[in-house]
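>>> Requesting a structural model of the entry that follows:
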Amino acid sequence: MNPTPDELSGILYDCINIQEISIEDDVTIIRGTIIGDKTFALDTISKRLTPYNLLPLFSQKDDFQTIIKLIPAPVIKMEKRWINLLLLILTFLSTIGAGILLTIGFFKTLGQTYQTTQLIIYGVLFACSMLIILGTHELGHYFACKRRGISATLPYFIPAPFSLFGTLGAIIKIKSPIQDRNGLIEVGAAGPIAGFILTIPIAIIGLKLSKITLIGLGNQTFMGNSLLFSILTKLFAPTIPFGYDVVLHPIAFAGWVGGFITALNLLPVGQLDGGHIIYALIGEKNKFVAWAIIGIISVLGFYWQGWFFWVLFVLLVIKLRHPAPLNNISQLDTKHKIVGIVALAIFVLTFVPVPFKMQ
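Here you go, the predicted structure:
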């Protein structure tokens with residue numbers, strides 16, 4: 001049972017000078033002015049309401065009045081770990097299959113023969129590279145949540161048999177609200193940064209193993225380059241004479257996919273990783289950035305139709321609106337601002353305007 005107004009006054013007497021307590025649509029709303037240090041007071045209010053299974057949602061009307069909405073704490077159910085393991089195994093198998101198909105294409109483009117053993121080895125290497133990048137990305141989110149006391153599941157990998165990548169990526173479920181803007185930065189940026197760090201050495205190893213071939217030899221899919229992959233290709237791929245192009249080794253392709261997925265997650269819209277970050281940095285103005293990004297990738301859809309799918313996915317599933325954190329009063333500290341800017345720089349480095357082009 002929720003505490004009465006008199007009980008709330010007694011519980012929070014030394015944290016907030018209460019001016020009004022009202023109930024709107026079954027939600028208790030407290031209006032008043034914070035006493036003493038704001039950060040300490042907000043943390044104390046949260047802790048004192050925990051036994052009542054209430055989460056305080058803080059906002060500020062002006063420089064003085066604080067508004068606290070009391071919402072029920074989410075019920076955290078135990079997760080079934082066997083589902084995570086099963087999906088991991090299925091995704092490993094489906095990415096092996098994708099790796100084998102990529103390997104067949106790799107040797108055919110070069111006009112070379114191959115053995116079954118090579119197909120299996122290359123397929124497993126591709127699968128391991130993909131799962132390392134995706135797993136590191138999601139575990140970055142997971143451990144950031146644990147550090148902030150946010151309930152989250154282990155990664156759910158998504159198998160996609162007979163697809164180009166063999167997987168649709170991986171996700172974790174965040175089961176409790178993120179407390180403040182610093183938390184949004186940590187949770188949003190930890191995954192992409194962790195995945196990015198692993199993507200670079202995997203891409204370098206793959207580029208070292210890649211080959212070159214004459215342009216127009218056989219059926220070829222030309223892949224767009226991000227700034228990052230262009231730099232790595234110049235530094236680590238074989239020297240490319242005029243009229244030739246690089247044929248990516250399956251491990252290099254996994255590195256390319258890792259960067260591509262990082263950029264997709266860092267699109268600064270909705271509740272994608274980039275959406276968390278941009279909301280933390282600029283607050284409600286994030287909607288203008290989101291609509292600008294939707295406009296840009298809609299135009300790019302005329303060059304690669306996959307962007308049209310992403311526009312629909314964001315508008316219908318992800319949504320453009322980003323919910324406020326529980327504490328929407330406290331501002332970002334300098335360290336978290338830097339982390340947010342670094343994550344957005346990674347987005348610029350990994351974004352591929354036209355990922356695929358058939359010729």
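>>> where do the helices sit along the protein?
Secondary structure of the chain (DSSP state H): helices at 5-11, 38-49, 81-110, 116-148, 181-209, 227-236, 250-265, 273-282, 286-300, 306-313, 334-350.
>>> To residue 66, which of those helices lies closest?
When these are compared by Cβ to Cβ, helix 38-49 sits nearest residue 66, at 8.4 Å. All C-beta spots, glycine's among them, are computed from the backbone N, C-alpha and C.
>>> Distance to residue 24, mean neighbour count and mean pLDDT for the helices of the chain - can I get that in JSON lines?
Formatted as JSON lines, the helices of the chain follow (distance: least, Cβ to Cβ, whole Å; neighbours: other Cβ atoms under 10 Å; pLDDT from 0 to 100):
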{"stretch": "helix 5-11", "distance to residue 24": "14", "mean neighbour count": "14", "mean pLDDT": "87"}
{"stretch": "helix 38-49", "distance to residue 24": "18", "mean neighbour count": "17", "mean pLDDT": "87"}
{"stretch": "helix 81-110", "distance to residue 24": "39", "mean neighbour count": "18", "mean pLDDT": "94"}
{"stretch": "helix 116-148", "distance to residue 24": "29", "mean neighbour count": "20", "mean pLDDT": "96"}
{"stretch": "helix 181-209", "distance to residue 24": "25", "mean neighbour count": "23", "mean pLDDT": "96"}
{"stretch": "helix 227-236", "distance to residue 24": "49", "mean neighbour count": "16", "mean pLDDT": "94"}
{"stretch": "helix 250-265", "distance to residue 24": "36", "mean neighbour count": "25", "mean pLDDT": "96"}
{"stretch": "helix 273-282", "distance to residue 24": "25", "mean neighbour count": "26", "mean pLDDT": "95"}
{"stretch": "helix 286-300", "distance to residue 24": "25", "mean neighbour count": "16", "mean pLDDT": "95"}
{"stretch": "helix 306-313", "distance to residue 24": "34", "mean neighbour count": "14", "mean pLDDT": "93"}
{"stretch": "helix 334-350", "distance to residue 24": "33", "mean neighbour count": "17", "mean pLDDT": "96"}
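>>> would you turn these into JSON lines with distance to residue 155?
What follows is the helices of the chain, written out as JSON lines (distance: least, Cβ to Cβ, whole Å):
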{"stretch": "helix 5-11", "distance to residue 155": "38"}
{"stretch": "helix 38-49", "distance to residue 155": "28"}
{"stretch": "helix 81-110", "distance to residue 155": "7"}
{"stretch": "helix 116-148", "distance to residue 155": "4"}
{"stretch": "helix 181-209", "distance to residue 155": "10"}
{"stretch": "helix 227-236", "distance to residue 155": "24"}
{"stretch": "helix 250-265", "distance to residue 155": "13"}
{"stretch": "helix 273-282", "distance to residue 155": "14"}
{"stretch": "helix 286-300", "distance to residue 155": "26"}
{"stretch": "helix 306-313", "distance to residue 155": "20"}
{"stretch": "helix 334-350", "distance to residue 155": "19"}
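>>> Mind checking these for the one nearest to residue 322?
Closest among the helices of the chain, using Cβ to Cβ: helix 273-282, at 4.4 Å.
>>> Which strands or helices does that closest one pack on?
Helix 273-282 makes packing contacts with helix 181-209, helix 286-300, helix 334-350 when contacts are defined by 3 or more Cβ pairs under 8 Å, 6 or more residues apart in numbering; DSSP states H and E.
>>> Now do the longest one against helix 227-236, angle only.
For helix 181-209 against helix 227-236, the angle by axes from the mean of the first three to the mean of the last three Cα atoms, to 10 degrees is 30 degrees.
>>> Show me what helix 181-209 is packed against.
Using 3+ Cβ pairs under 8 Å, 6+ apart: helix 181-209 touches helix 116-148, helix 227-236, helix 250-265, helix 273-282, helix 334-350.
>>> same thing with the shortest one?
If contacts are counted by 3+ Cβ pairs under 8 Å, 6+ apart, helix 286-300 sits against helix 273-282, helix 306-313.
>>> Show the contacting residues for the residue nearest to residue 99 when sequence neighbours are not counted.
Counting by Cβ to Cβ, 6 or more residues apart in numbering, residue 99 lies nearest to residue 126, which is 2.9 Å off, once chain neighbours are set aside. With contact taken as Cβ atoms under 8 Å, 6 or more residues apart in numbering, residue 126 is in contact with 95, 96, 98, 99, 102, 103, 166, 250, 251, 253, 254.
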